[in-house]
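Undergrad: give me the fold of what follows.
(one chain, ligands or ions: 1)
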Amino acid sequence: MTLLGEPNGPWPIWMAPLTRSRAIQPGNLPGAMHAEYYAQRADPSDGAVVIISEAAPVCPEGHGYFATPGIHHREQVHGWKQVTERVHGVGGKIICQLWHVGRVSHRSLQPANQAPVSSTVVPAQSKTYIDAEGHRARCSTPRSLSSDEIPQVIDSFRTAASNAMEAGFDGVEIHGANGYLLEQFLRSGINDRTDQYGGSLENRLRFCLEVAAVVIGVWGAENVGYRVSPISGDLDGDRGDENMLETYGTLAKQLALLKIAFLDVVESFSVGQREPGLDAICQRMRESFSGGNAGLYLAGGGYTRDSARDALDSGRCDGIIFGRDFISNPDLRRRLREDLPLTPWNRRSFYLGGKEGYTDWPCA
Ligand SMILES: Cc1cc2nc3c(=O)[nH]c(=O)nc-3n(C[C@H](O)[C@H](O)[C@H](O)COP(=O)(O)O)c2cc1C
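TA: This is a model prediction of the structure:
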């Protein structure tokens, strides 16, 4: 299978993972409304060549926001089946983003109100949504995973990957971005462990690569992608790593050696801005994620029609991942191809609520 669909097509446009916090309660289940939303964006000609699902927590401890649909329970697998069937019904492809938030969570979202787990006991400097009304709370102080517990966490990725297969997904993406658990292990300024998962870069990479290995064991490398966000920082903008070039370059190289299908690089959250230093990191990752059988290098974050065209034409990437524009433009690929105007998105309906701002966006 080729995940890209039409490798030489002029608009290799994927839909980014987008948490919408509309999972059915209790149980954090996807259902018919989610199936409708994804199907609207799944026609490979007008919508996305490939959809990456909203992040799906791999275990109960992996939840960090209210109403995010998991992939660890039978009923959730059943719910996702409805989604994949509808997507396949319109000829689309959808892969499941596998997520563990680590310390970006709140006790009220954790089993038995326990502390969230991480590579450290230092809390994340960010807030999270904790209820249906959209109240936000500072992330709780985490507990550092013991060395003995880590295999269990890795195993939850294996189980979730196999649940995703049972649910009918076309592949999976490992969520290694945006400050969540894999990044908490990777970055030297966050990971303060003294065991084989902390300290040297080799040790900090270990958790990420062991997760990748078990997921590949389930799916085969040709159906597995990995998301990174080298520019993401916490609320204070602290990236928590003193050598981003080496850290991300080496990660990309190791992932290329594992022959994964794609590397998904979140370059920015803002339109038209490229932070200083970003180009050097992206270039290093692009060079490192290359070679004979290297997978696709996908870029995303703040792209417009013109900047996407430039990036594709210059060969800086093999495909572009669009996020917010896919929320308000189900037929985004057609609009980009035909240079039609885009409907602006509305931040107020990003998270929580029902069909409004979710399944009611018209096609051009
Ligand atoms: C509402 C919303 C939800 C998001 N949820 C996720 C998510 O579940 N997983 C993830 O990796 N990134 C998530 N992101 C980041 C997007 O995938 C994307 O990287 C970001 O929106 C920048 O791309 P854009 O400028 O095309 O929107 C989210 C962003 C938004 C706006």
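Undergrad: how about the contacts made by the residue in the stretch 201-350 of the chain that the ligand sits nearest to?
TA: Relative to the ligand, the nearest point of the stretch 201-350 of the chain is G323 (2.8 Å; Cβ to the nearest ligand atom). The C-beta positions use only the backbone N, C-alpha and C, and glycine is treated the same way. The contact partners of G323, by Cβ atoms under 8 Å, 6 or more residues apart in numbering, come to M15, A16, P17, L18, G300, G301.
Undergrad: what do you get for Y65?
TA: Y65 sits next to T19, S21, V101, L109, T128, Y129, I130, Y351 when contact means Cβ under 8 Å, 6+ apart.
Undergrad: partner strands of the host helix or strand of T128, with direction?
TA: In this structure, T128 sits in strand 127-129 according to DSSP states H and E. Applying DSSP bridges to the sheet, strand 127-129 is found paired with strand 136-138 (antiparallel).
Undergrad: average pLDDT for the partner strand?
TA: On average, the pLDDT along strand 136-138 is 97.
Undergrad: who's in contact with the helix or strand just after that strand?
TA: From strand 136-138 onward toward the C-terminus, using DSSP H and E, the following helix or strand is strand 143-144. Contact with strand 143-144 is made by Q114, A115, P116, V117, S118, S119, T120, V121, R193, as judged by Cβ under 8 Å, 6+ apart.
Undergrad: give me the buried subset of those.
TA: A115, P116, V117, S118, S119, T120, R193 (16 or more other Cβ atoms under 10 Å).
Undergrad: surely the second one touches V153?
TA: No. Between P116 and V153 there is no contact, the gap being 12.0 Å when judged by Cβ atoms under 8 Å.
Undergrad: spit out the residues that contact the two alike.
TA: Residues touching both P116 and V153 (Cβ under 8 Å, 6+ apart): E61.
Undergrad: where does the stretch 1-150 of the chain dip in pLDDT?
TA: Scanning the stretch 1-150 of the chain for pLDDT under 70 picks out the ranges 1-8.
Undergrad: for it, what lies in contact range of the ligand?
TA: Neighbours of the ligand within the stretch 1-150 of the chain, by Cβ under 6 Å from any ligand atom: A16, P17, L18, T19, E54, A55, Q97.
Undergrad: neighbour-wise, give me the winner out of those residues.
TA: Using other Cβ atoms under 10 Å as the neighbour test, those are led by A55, with 28 neighbours.
Undergrad: which residues does that residue bridge with?
TA: Q97.
Undergrad: do stretch 355-364 and the ligand meet?
TA: No. With Cβ under 6 Å from any ligand atom as the criterion, the ligand is not reached by stretch 355-364; the gap is at least 10.5 Å.
Undergrad: can I get the one helix or strand R204 maps to in CSV? Just the C-alpha atoms.
TA: According to DSSP H and E, R204 maps onto helix 201-219. In CSV, the C-alpha atoms belonging to helix 201-219 read as follows (Å, rounded to 0.1, in the frame of the first residue of the first chain):
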residue,chain,number,x,y,z
LEU,A,201,20.9,11.3,23.7
GLU,A,202,21.0,7.6,23.0
ASN,A,203,19.2,7.0,26.3
ARG,A,204,16.7,9.8,25.7
LEU,A,205,15.9,8.3,22.3
ARG,A,206,15.4,4.9,23.7
PHE,A,207,11.7,5.3,24.8
CYS,A,208,10.7,6.8,21.4
LEU,A,209,12.5,4.1,19.4
GLU,A,210,11.1,1.3,21.6
VAL,A,211,7.6,2.6,21.1
ALA,A,212,8.3,2.8,17.3
ALA,A,213,9.6,-0.7,17.3
VAL,A,214,6.5,-2.3,19.0
VAL,A,215,4.1,-0.3,16.7
ILE,A,216,6.1,-1.4,13.6
GLY,A,217,5.9,-4.9,15.0
VAL,A,218,2.1,-4.7,14.7
TRP,A,219,1.7,-2.8,11.4
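Undergrad: about what we covered before: now, which of the contacts of G323 sits nearest Y180?
TA: For the contacts of G323, the minimum distance to Y180 (Cβ to Cβ) is 11.6 Å, reached by P17.
Undergrad: for that closest one, give its distance to G171.
TA: 13 Å (Cβ to Cβ, to the nearest Å).
Undergrad: confirm A35 sits in a helix?
TA: Yes. Counting by DSSP: H, G, I helix; E, B strand; the rest coil, A35 is found in a helix.
Undergrad: pretty sure it sits against G89.
TA: No. Counting by Cβ under 8 Å, A35 stays clear of G89, with 9.3 Å between them.
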